[in-house]
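1. Everything below, folded, please.
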Amino acid sequence: MTEQQIAAEATCTAAPADDLSDFDGSDDAPASEARPARPAGVPEKFWDAESGAMRTEALLKSYLELERKLGSMVPLPSDEADQEGQARLMRVLGVPEAPEQYEIEPRHELLGPDPEINARLHEAGFTKRQAQLVYDLAADHLIPLLDQTVAELTATRDVERLASHFGGPAPWRTTAQQIKTWGEANLAPDVFGTLASSYDGVLAIHQMMQAREPAVLNESNGTRAELDEGRLARMMRDPRYWRERDPSFVAQVTEGFRRLYPSQN
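-> Model prediction:
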């Protein structure tokens, strides 16, 4: 066999081995495609890691909800000169359009709605609830202070009147001590406290000291009744007596003590 024939035979024998290289999986098998990563800035709830794509339904739903919220929001006024914007914001917050629209429920007869005060509250942007709170605070704190002030002024005036009635400061101090001693010994504490807090009450105690014994009297309407200290004391706690000083009511109390403890001079 010649050298050419040997070379040709070798080539034919090696061909199948070379052909097998064409079927090597590493060369011709399709490589698995890598899934895209979530882009920066895309929230995780909008990214589908399985498909490597945006979740369009979730994104659309979120957008529609945001649009709804933005549509319900009230834009802030651009500046203080934006009167229309300011008025719109005040209405949303609950400020009435006019001071007359405040619905004040007074908790005390002396603290009814006041047009001037309401106008100032409205100018300051107070809501109906806030305006009511102003009146409630006044009832809780100012009225007790006012009552205390009036009581102190009345007490000062009554002391001056009593001093004058009993002949001056010195005689009054002596008489006041006597009234205090007798009252604490002979009257119930609440009755003595009520009577001793006013000019007429002190005079009534003084009359009791002089009369010593109470009398059973006929009332002005002709019916038989027993006027006791407790009843007269309750009358003296009535606002008509200590605050309003109703002349007819004060006269009833004074006459009651006069008839209950007539002077034995």
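2. May I see the buried residues of the helix or strand where A170 lies?
-> Here A170, judged by DSSP states H and E, is contained in helix 169-186. Residues of helix 169-186 classed as buried by neighbour count (16 or more other Cβ atoms under 10 Å): 172, 175-176, 179, 183. Just so you know, the C-beta spots here come from the backbone N, C-alpha and C atoms, and that holds for glycine as well.
3. go on, stretch 241-251?
-> Going by neighbour count (16+ other Cβ under 10 Å), the buried part of stretch 241-251 is 241-242, 249-250.
4. now swap in stretch 137-145 and tell me
-> Across stretch 137-145, burial judged by 16+ other Cβ under 10 Å covers A138.
5. Quick one: distance of that stretch to the chain centre.
-> The chain centre lies 14 Å from the centre of stretch 137-145; the measure is Cα atoms, centre = their mean, to the nearest Å.
6. A131 and N118 touch, don't they?
-> Yes - in this structure A131 lies within contact range of N118 using Cβ atoms under 8 Å: 6.8 Å.
7. Now list whatever residues contact both of those two.
-> Common contact partners of A131 and N118 (Cβ atoms under 8 Å, 6 or more residues apart in numbering): 102, 104.
8. What helix or strand is the spatially most central residue of the chain located in?
-> Most central in the chain under Cα atoms, centre = their mean is L133, positioned 5.8 Å from the mean C-alpha point. Using DSSP H and E, L133 falls within helix 128-137.
9. Tell me which other helices or strands that helix touches.
-> Secondary-structure packing of helix 128-137 (3 or more Cβ pairs under 8 Å, 6 or more residues apart in numbering; DSSP states H and E): helix 115-123.
10. Run the chain-centre distance for the helix it packs on.
-> Remark: helix 115-123 is offset 19 Å from the chain centroid, using Cα atoms, centre = their mean.
11. Next, the contact list for L137, please.
-> Neighbours of L137 in contact, by Cβ under 8 Å, 6+ apart: none.
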